[in-house]
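Visitor: give me coordinates for this.
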Amino acid sequence: MKMHGIIAGALLLLSVGCPQAQQQAQQDAQVPAMQNVQPCGGQDVNAYPKLKAALDTIQRRFAPDKRTEPFLTESQTKGDSLLISIDVGKSEAKRALDSLAATLTIPVRISTVLLPNQSVGNKTYAVVNISVCNIRSRPEHSAELVTQALMGMPLKVWKNKGGWYLVQTPDHYLGWVDGGGIERMNPAETAQWKARKKAVFLPLFGLAYEKPDLQAATITDLTAGNIVAILAEANGFAQVGFPDGRKAYVPDNQIKKSEEWLATAKPSETALVSTARRMMGIPYLWGGTSPKGVDCSGFTKTVYWLNGLIVPRDASQQILAGEEVDNKRDFSRLRPGDLLFFGKPATDSTAEKVIHVGMWIGNGEFIHASGMVRISSMNPQANNFDKYEYDRYLRTKRMIYSSNDKYLIKPDGVFK
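Guide: Alright, predicted model coming up:
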């Protein structure tokens with residue numbers, strides 16, 4: 001759809017207007033500056049159905065999945081006027097919104113900002129600086145945990161709000177992170193970090209030490225999949241560097257140089273099952289994507305990351321990737337490593353809802369995060385038969401990388 005078509009469609013939704021639009025048009029012209037407006041006390045865009053429909057049209061075109069494309073909307077009121085602030089990541093979205101705003105004859109102002117904005121300056125990138133970085137739905141510690149990122153992961157930085165940063169992970173997922181968990185960088189600093197020799201930490205859990213001695217003081221904890229810079233190697237230890245400049249020592253048999261890791265970490269059936277079984281018993285954590293705690297899709301994502309493939313964050317996104325294997329409970333067609341999806345099928349009036357995901361390990365069994373990482377069976381005769389998941393089974397997908405599959409990403413860009 002061309003830009004003028006999108007704008008025309010949105011404007012058509014507004015052409016009828018709202019009964020009070022003409023009466024308040026003059027008052028609308030006197031709306032004060034955004035910074036003088038108090039938080040919304042109840043009135044929001046829902047009070048203007050045609051405007052909401054127009055905004056939804058633009059959002060669906062330029063940010064169909066707001067988990068992976070910035071389109072942040074906030075409403076505030078001043079008297080009888082409504083001010084809507086929208087942050088977007090695409091210039092085309094800003095142009096569409098600006099064109100819509102210019103046509104309004106109702107007491108509404110739309111202010112659109114193209115991200116990254118001035119709040120981040122030239123430091124539009126960051127690298128995770130702690131073993132596991134929590135990423136939340138809003139810029140506050142009490143907000144929902146939506147995902148995590150591992151040490152050494154590069155992030156795109158879109159916005160700063162009170163020391164919290166809107167970031168985007170290598171799998172394109174968006175969320176807010178406390179600035180204490182990342183090292184912000186400008187493009188030149190990012191290039192320098194990526195140019196350094198690196199290694200991947202292999203054990204599920206470990207420590208980095210102040211000296212090349214297992215009894216020395218700890219500098220930081222580490223988890224599987226963490227990325228560190230290699231500074232030197234001697235006497236069974238590697239001196240490693242972190243994004244903020246700290247240095248520490250780890251046993252050299254606990255890391256693998258990135259070149260070797262990229263060449264050998266492949267999502268084979270054997271490797272995927274072995275990695276998944278290593279995580280048995282790890283507790284369920286909503287939003288978790290690390291050995292410290294996982295939700296269902298965070299578990300499958302972590303298993304694949306540790307074997308050299310980046311899959312989407314959520315189950316409803318993972319189901320879009322790969323090749324379909326089965327949708328009729330013909331489990332004889334499945335291979336270890338295939339992802340099984342569960343939820344509610346589509347009906348005449350409702351869309352399909354993907355709720356859960358697990359990984360096939362063979363012998364009629366799948367491994368998944370449900371309370372903890374556990375193994376369940378699709379065989380009604382087995383002691384660990386999971387009737388609940390069996391009944392809501394949707395289909396199975398095989399995660400085979402293809403340059404034509406936009407949902408599966410090779411990890412090379414994380415290092416280089």
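
Visitor: buried ones in stretch 172-182?
Guide: For stretch 172-182, a neighbour-count test (16 or more other CB atoms under 10 Å) marks 172, 173, 174, 175, 176, 177, 178, 181, 182 as buried. Bear in mind the C-beta positions are built from the backbone N, C-alpha and C, glycine included.

Visitor: please tabulate those in a markdown table, including the columns secondary structure, pLDDT and distance to residue 52.
Guide: Converted to a markdown table, the buried residues of stretch 172-182 look like this (DSSP: H, G, I helix; E, B strand; the rest coil; pLDDT from 0 to 100; distance: CB to CB, whole Å):
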| residue | secondary structure | pLDDT | distance to residue 52 |
| --- | --- | --- | --- |
| 172 | coil | 97 | 26 |
| 173 | coil | 98 | 26 |
| 174 | strand | 98 | 22 |
| 175 | strand | 98 | 25 |
| 176 | strand | 98 | 25 |
| 177 | strand | 98 | 30 |
| 178 | strand | 97 | 33 |
| 181 | helix | 96 | 36 |
| 182 | strand | 98 | 35 |
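
Visitor: now, which of those residues sits nearest residue 249?
Guide: residue 181 (22.5 Å; CB to CB).

Visitor: show the contacting residues for the closest one.
Guide: By CB atoms under 8 Å, 6 or more residues apart in numbering, the contact list for residue 181 reads 128, 129, 130, 133, 134.

Visitor: what about it, distance to residue 380?
Guide: Between residue 181 and residue 380 the distance is 46 Å, computed by CB to CB, to the nearest Å.

Visitor: among the contacts of residue 181, which lie within strands?
Guide: Using DSSP state E, the subset of those located in strands is 128, 133, 134.

Visitor: you'd agree the first one is up against residue 157?
Guide: This points to residue 128. No - using CB atoms under 8 Å, residue 128 makes no contact with residue 157, being 11.8 Å away.

Visitor: quick one, which of those two is more surrounded?
Guide: A count of neighbours by other CB atoms under 10 Å puts residue 128 above the other of residue 128 and residue 157, at 26 against 23.

Visitor: which single one of the contacts of residue 181 is nearest to residue 243?
Guide: residue 129 (4.8 Å).

Visitor: my guess is the closest one meets residue 243, correct?
Guide: Yes - under the criterion of CB under 8 Å, residue 129 is in contact with residue 243, at a separation of 4.8 Å.

Visitor: name the residues contacting each of those two.
Guide: 151, 182, 183.

Visitor: wait, which of the residues you listed is closest to residue 332?
Guide: For the shared contacts of residue 129 and residue 243, the nearest to residue 332 is residue 151 (41.1 Å; CB to CB).

Visitor: and residue 267, that one's in a strand?
Guide: No - using DSSP: H, G, I helix; E, B strand; the rest coil, the secondary structure at residue 267 is coil, not a strand.

Visitor: what about it, neighbour count?
Guide: Residue 267: 20 surrounding residues under other CB under 10 Å.

Visitor: please apply the same query to the one 5 residues further on.
Guide: With neighbours defined by other CB under 10 Å, the count for residue 272 comes to 26.

Visitor: and the gap between it and residue 211?
Guide: 37 Å.

Visitor: next one: residue 230
Guide: 17 Å.

Visitor: higher neighbour count, those two?
Guide: Using other CB under 10 Å as the criterion, residue 230 and residue 211 rank with residue 230 on top: 18 against 13.

Visitor: secondary structure element for that one?
Guide: strand 227-234 (DSSP states H and E).

Visitor: keeping just the C-alphas, turn that strand into CSV.
Guide: Output of strand 227-234 as CSV, limited to C-alpha atoms (Å, rounded to 0.1, in the frame of the first residue of the first chain):
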residue,chain,number,x,y,z
ILE,A,227,29.8,-13.2,25.6
VAL,A,228,33.1,-11.7,26.9
ALA,A,229,36.2,-10.2,25.3
ILE,A,230,39.4,-12.2,25.4
LEU,A,231,42.4,-10.3,26.7
ALA,A,232,45.0,-12.9,27.4
GLU,A,233,45.5,-16.6,28.2
ALA,A,234,47.9,-18.3,30.6
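
Visitor: tell me the helix or strand right after that strand.
Guide: strand 237-241.

Visitor: other SSEs contacting that following strand?
Guide: Here strand 237-241 touches strand 227-234, strand 247-251, going by 3 or more CB pairs under 8 Å, 6 or more residues apart in numbering; DSSP states H and E.

Visitor: contacts for that strand?
Guide: 196, 199, 208, 212, 228-233, 247-252, 255.

Visitor: try it again at 7 Å.
Guide: 199, 208, 212, 228-232, 247-252, 255 (CB atoms under 7 Å, 6 or more residues apart in numbering).

Visitor: out of these, which are buried?
Guide: For the contacts of strand 237-241, buried by 16+ other CB under 10 Å: 199, 208, 212, 228, 229, 230, 248, 249, 250, 251, 252, 255.

Visitor: was I right to think the third one contacts residue 235?
Guide: Yes - Residue 212 lies in contact with residue 235 (CB atoms under 7 Å); the separation is 6.1 Å.

Visitor: right, and residue 223 touches residue 289 too?
Guide: No - Residue 223 is beyond contact range of residue 289, at 10.6 Å (criterion: CB under 7 Å).

Visitor: more neighbours: those two, which one.
Guide: Between residue 223 and residue 289, counting by other CB under 10 Å, residue 289 is the more crowded of the two (29 against 19).

Visitor: any idea of the pLDDT on that one?
Guide: pLDDT for residue 289: 98.

Visitor: which one of the buried ones among the contacts of strand 237-241 is nearest to residue 293?
Guide: Nearest to residue 293 among the buried ones among the contacts of strand 237-241, with distances taken as CB to CB, is residue 208, at 20.7 Å.

Visitor: for the closest residue to the closest one other than its chain neighbours, list the residues it contacts.
Guide: Leaving aside its chain neighbours, residue 208 sits nearest to residue 248 (3.6 Å; criterion: CB to CB, 6 or more residues apart in numbering). Listed by CB under 7 Å, 6+ apart, the contact set of residue 248 reads 208, 209, 210, 219, 220, 240.
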